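[1] what follows is a predicted protein model with its sequence.
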Amino acid sequence: MVLGLFRPKPVSPRLERLHSLFLFVNLTPAELAIVDGLLHERDYCADEVIFDEGEEGQAIYIVLEGRVAIRRDNDGEPVVLAEMEAGAVFGDVALLNNAPRLAQARAATSCRLAVFFREDFMTLLDTHARIASKISLQIARTLANRLRDVRIAPQTSQHL
Amino acid sequence: MTTNNHGPGPVVWAGIIAGTCLLLFALQKLLWLVVPFLLALVLYYMLRPLVQGLVLRGMGRDGAASAVMLGFLAVVGAGFALMLPRLATQLVDGQSSVERYMKGGINLLERSLRMLEAKWALLADAHIAETVVHRLNNLGGDVATHIEPLAMGIAAWMPSLLLAPFLAFFFLRDGQRFKRFLGSAVPNAFFERTLYLLHDVDRTARAYFQGLIELTVLDTVTLAAGLSLMGVPGALALGVICAVLAWIPYVGSILGGLLVVLVAATDFPDTPAMAYWAVMLFIFVRLLDDFVYMPLTIGKSLHMHPLVTVLMIFVGGAVAGVPGLMLVLPVLGVVMVIGATVGQIVTDPRLMARHRHARLLRKQHASLDLN
């Protein structure tokens, strides 16, 4: 009976959806269950500000449904740098340090986002280093892809 | 658009102090719930690393919380079973023991005052020893009349104290869910700031209660070592009781000190020096506690100016008596974090504007097909 507590449980549709996200693709069902307990879900209306440029970043966002525009102020004119669709991750620099946000995130359509709080990630580094390292690797891959994109097409860079 | 991270201003500080006083006033009416709640928090922060350890080894949070709480109850139960025969004996002749210790204390006081009378003619003329002992004997009267209400009070408190492990189990199991639940009630514009606030409250409470546990262990070890060096029987038990009593600022320390002196005076009736050594030891431990242990454990956790801490302890005592003394620091710590964050949010025009904008968008969205 005690050993049964450690036995893997069937994966719920919610965890399957999490597993399909780039950030969590390497996690096992047990690890996903732990991460799921740390994620917050938020609903935003179209045009609602998610975070502002210059704001202190406290969390990373994952688009579950809808689209999010990443915008920057260019002499008073907002310029859309990128549009994030379901599965995309943004605000990830905030997970690594508490530097100010480099762009504004705004809901392009009504959308649902999963939010991963930096302090929860930091706690994960202490308590579940294996999970945290897998997520860190995916973030590093995202940043590497962005660097490559910048070199290929600087105008499409996504500075968050 | 940047965050204003300056500390709280005078208005916010006034709000924090007023909020703390109001909470203390309200909480003293709910003491039957507050005390088990505080004990549950102590248990929660004590057992949480074990739950995290089991979760790390692949166990689900529910199973880990159940296993840790069952283990804890088993240890407490085993300890209680081992102590039961001794405890039962103590309870049977509890009244005579209390009378014996009271008598021991009065004898010590009488002997000390007679020594002073021998040295100071003024005191001898005033018959100070005789007067004080007579008054104490009159004040004491029949010990049973004081013990009965105390025993009844403890018996009435026991059921609510049993709430502590029950509450601690749910804190361990559902703490994260509760945090998410609280977060879900917060508007999007304030969400990140609120998450940080919840984290800060948790960090402050964890540091405070873990600090309290560390302080209790340090106090227990120091007192027990000192008392056993002096040869006082039951040194460890006395150390634990005094360390736990010290959770109540000032009053608890005085009670603990009195207990140690009574035991030393009664168990060594022919050696009054033992009681004086016990007083010296107790003062030494209190000084060590205030200047070394406290800053190393609890003091670090609240990031509070020592003057504010001391003043708030007096305010807590004035507003809510002994419960106020006990609750003022944790309540102030939590209210301080909440007050500082709410102050930051309401004085941030950009966040307020974003919130108004989001409300307008939701209103428009809700009535889209109605116009």
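    Arrived safely, thanks for sending.
[2] show me where pLDDT drops low in the stretch 151-300 of chain B?
    B:151, B:154, B:295, B:299-300 (pLDDT under 70).
[3] enumerate the residues of it near chain A.
    Contacts of the stretch 151-300 of chain B with chain A, taken as C-beta under 8 Å from any C-beta of the partner chain, map to B:176-177, B:180, B:183-184, B:188-189, B:191-193, B:195-196, B:199. For every residue, glycine as well, the C-beta is placed using N, CA and C.
[4] what's the closest of those to B:Ala366?
    B:Asn188 (15.6 Å; C-beta to C-beta).
[5] burial count for the closest one?
    21 (other C-beta atoms under 10 Å in any protein chain shown).
[6] need the contact list for it.
    A:42, A:44, A:48, A:50, B:355, B:358 (C-beta atoms under 8 Å, 6 or more residues apart in numbering or on different chains).
[7] what's the spacing between it and A:Arg106?
    Going from B:Asn188 to A:Arg106 by C-beta to C-beta, to the nearest Å gives 12 Å.
[8] which helix or strand contains A:Ile62?
    strand A:59-65 (DSSP states H and E).
[9] now the common contact residues for B:Asn188 and A:Arg106.
    A:48, A:50.
[10] flag every buried residue along stretch A:134-152.
    Going by neighbour count (16 or more other C-beta atoms under 10 Å in any protein chain shown), the buried part of stretch A:134-152 is A:134-136, A:138-139, A:142, A:146.
[11] stretch B:158-173 too?
    Going by 16+ other C-beta under 10 Å, stretch B:158-173 has these buried residues: B:160, B:163-165, B:167-169, B:171-173.
[12] what would the residues you listed look like in CSV with secondary structure?
    Shown next, in CSV, are these (DSSP: H, G, I helix; E, B strand; the rest coil):
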residue, secondary structure
B:Ser160, helix
B:Leu163, helix
B:Ala164, helix
B:Pro165, helix
B:Leu167, helix
B:Ala168, helix
B:Phe169, helix
B:Phe171, helix
B:Leu172, helix
B:Arg173, helix
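[13] assign A:Leu81 to helix, strand or coil.
    Reduced to three states by three-state DSSP, A:Leu81 is strand.
[14] one more: the one 5 residues further on?
    Secondary structure state of A:Ala86, per three-state DSSP, is coil.
[15] neighbours of the nearest residue to it once chain neighbours are set aside, how many?
    Spatial nearest neighbour of A:Ala86, chain neighbours left out: A:Val63 (5.3 Å); criterion: C-beta to C-beta, 6 or more residues apart in numbering or on different chains. By other C-beta under 10 Å, 23 other residues sit near A:Val63.
[16] so what's A:Val63 bridging to?
    A:Leu113 (DSSP bridges).
[17] for it, what are its contacts?
    A:Val63 is in contact with A:84-90, A:111-113, counting by C-beta under 8 Å, 6+ apart.
[18] helices or strands next to the helix or strand encompassing B:Ile313 in the packing?
    Using DSSP H and E, B:Ile313 falls within helix B:306-346. When contacts are defined as 3 or more C-beta pairs under 8 Å, 6 or more residues apart in numbering or on different chains; DSSP states H and E, helix B:306-346 sits against helix B:10-27, helix B:31-56, helix B:191-230, helix B:251-267, helix B:298-302, helix B:349-366.
[19] now do that helix against helix B:31-56, angle only.
    With axes from the mean of the first three to the mean of the last three C-alpha atoms, to 10 degrees defining the directions, helix B:306-346 sits at 70 degrees from helix B:31-56.
[20] show the average pLDDT along helix B:306-346.
    Average pLDDT, helix B:306-346: 80.
[21] tabulate the buried residues of stretch A:134-152 (JSON lines), appending pLDDT and distance to B:Ala81.
    Below are the buried residues of stretch A:134-152 laid out as JSON lines (pLDDT from 0 to 100; distance: C-beta to C-beta, whole Å):
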{"residue": "A:Lys134", "pLDDT": "92", "distance to B:Ala81": "46"}
{"residue": "A:Ile135", "pLDDT": "91", "distance to B:Ala81": "46"}
{"residue": "A:Ser136", "pLDDT": "89", "distance to B:Ala81": "48"}
{"residue": "A:Gln138", "pLDDT": "89", "distance to B:Ala81": "52"}
{"residue": "A:Ile139", "pLDDT": "87", "distance to B:Ala81": "52"}
{"residue": "A:Thr142", "pLDDT": "84", "distance to B:Ala81": "57"}
{"residue": "A:Arg146", "pLDDT": "79", "distance to B:Ala81": "63"}
